[in-house]
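In: Compute the structure for the input listed below.
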Amino acid sequence: MTLTFDLAASARFDDDYVVFLHFLDEDRELLWTADHYPPTPTRAWEPGRVVEYAWTILVPMCAYFGEVTVAVGLYSPADGARIPLHGDDDGRRAYRVGRLTVLPPFRDTGIGYASGWHQLEYSSYCKRWRWSQLSAVLELPNPGSDATLYVGFDHEGRLDETPRVLTVTVEGESGRQFPIRPGYVVQEVPLAAASLGTNDDVEVRLAVDRLYTPTALTSLGSGDTRELGVRVLGVFVQKR
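Out: I've put the predicted structure just below:
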């Protein structure tokens, strides 16, 4: 998706606000979200300028098919208060910016959560995830050609926290390291056919440098005392 914010000459931001991306069904019920911090924090947005950036999302596999409304807005990470914008407001400071049609999947992705995972969890109708442990393994069908692995993450926290580090290793090759940033993000990992071997399945290992306990983040008010790795919302492989 490409998101564009046209800033008024008087626009000022005193906090690093979160951009919310909400996907609603025809009854305005929430299907899933992709809330995130923009690449340039809002405190650095300049009045009178246009802020535009691309953000990759994965449409979750769920039982809803049909028209989906996309709503965008900004809220404070401290208390969740939404700020007013100019646009097609649905009455909740959520601004309708587009629509898409969700169709039944043309095939099963064939992704397997092999080891090192907590059980499947869910909140809204379509938003489901699995937490990893310190190290976890995904198994995916060998694409047999160069491809791109997309993994959707959703991390809790603030921009000013020291990020943890995620290492993604494909078939035992040298791992790629990514900082674990707060919010929804889809990480893209290139897959080279020459390194995937000839087996039917490819093993992808996700490892974090340290675990995270929700109760340690007081702003969440969570009672979850588990030690967790990363929260994975979806995985997809696209041949190149």
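In: who are the neighbours in contact with the residue nearest in space to the middle of the chain?
Out: The chain has Tyr184 as the residue nearest its centroid, 2.9 Å off, counting by Cα atoms, centre = their mean. By Cβ atoms under 8 Å, 6 or more residues apart in numbering, Tyr184 lies in contact with 21, 33-36, 57, 152-154, 233. (Each C-beta comes from the backbone N, C-alpha and C, glycine too.)
In: Who wins on neighbours among the residues you listed?
Out: Ala34 (24 neighbours; other Cβ atoms under 10 Å).
In: Does that one touch Pro60 like I think?
Out: No. Checked against Cβ atoms under 8 Å, the pair Ala34 and Pro60 is beyond contact range at 10.0 Å.
In: Now the longest strand along the chain: average pLDDT?
Out: Using DSSP state E to define each element, the chain has its longest strand at strand 128-141. Averaged across strand 128-141, pLDDT comes to 96.
In: Tell me if Ala194 really is in a strand.
Out: No. Assignment of Ala194 by DSSP: H, G, I helix; E, B strand; the rest coil gives helix, placing it outside any strand.
In: Let me know the pLDDT of it.
Out: Ala194 is assigned 89 on the pLDDT scale.
In: For it, the count of nearby residues, please.
Out: Neighbour count of Ala194, defined by other Cβ under 10 Å: 7.
In: wouldn't Tyr75 be in contact with Ile83 here?
Out: Yes. The pair Tyr75 / Ile83 is scored as a contact, 7.1 Å apart, by Cβ under 8 Å.
In: So for these two, which residues contact both of them?
Out: Joint contacts of Tyr75 and Ile83 (Cβ under 8 Å, 6+ apart) are Tyr17.
In: And the two? Which one has more around it.
Out: More crowded of Tyr75 and Ile83, by other Cβ under 10 Å: Tyr75, with 18 against 13.
In: Quick check: beta-bridge partners of the more buried one?
Out: Val18, Arg82 (DSSP bridges).
In: Return the residues in contact with it.
Out: With Cβ under 8 Å, 6+ apart, Tyr75 has these contacts: 17-18, 20, 81-83.
In: what helix or strand is the residue nearest to Glu26 when sequence neighbours are not counted on?
Out: Nearest residue to Glu26, sequence neighbours excluded (Cβ to Cβ, 6 or more residues apart in numbering): Glu67, at 5.7 Å. Assessed by DSSP states H and E, Glu67 sits inside strand 66-75.
In: so what strands line up beside the longest strand of the chain?
Out: Strand 128-141 is paired, per DSSP bridges, with strand 112-117 (antiparallel), strand 121-122 (antiparallel), strand 201-208 (antiparallel), strand 231-239 (antiparallel).
In: Low-confidence stretches in this protein?
Out: Scanning the chain with the threshold set as pLDDT under 70 gives 159-160, 217-221.
In: In the record's domain split, what are the boundaries for it?
Out: What the record gives for the chain is the domain set 2-102, 112-239, from automatic domain parsing.
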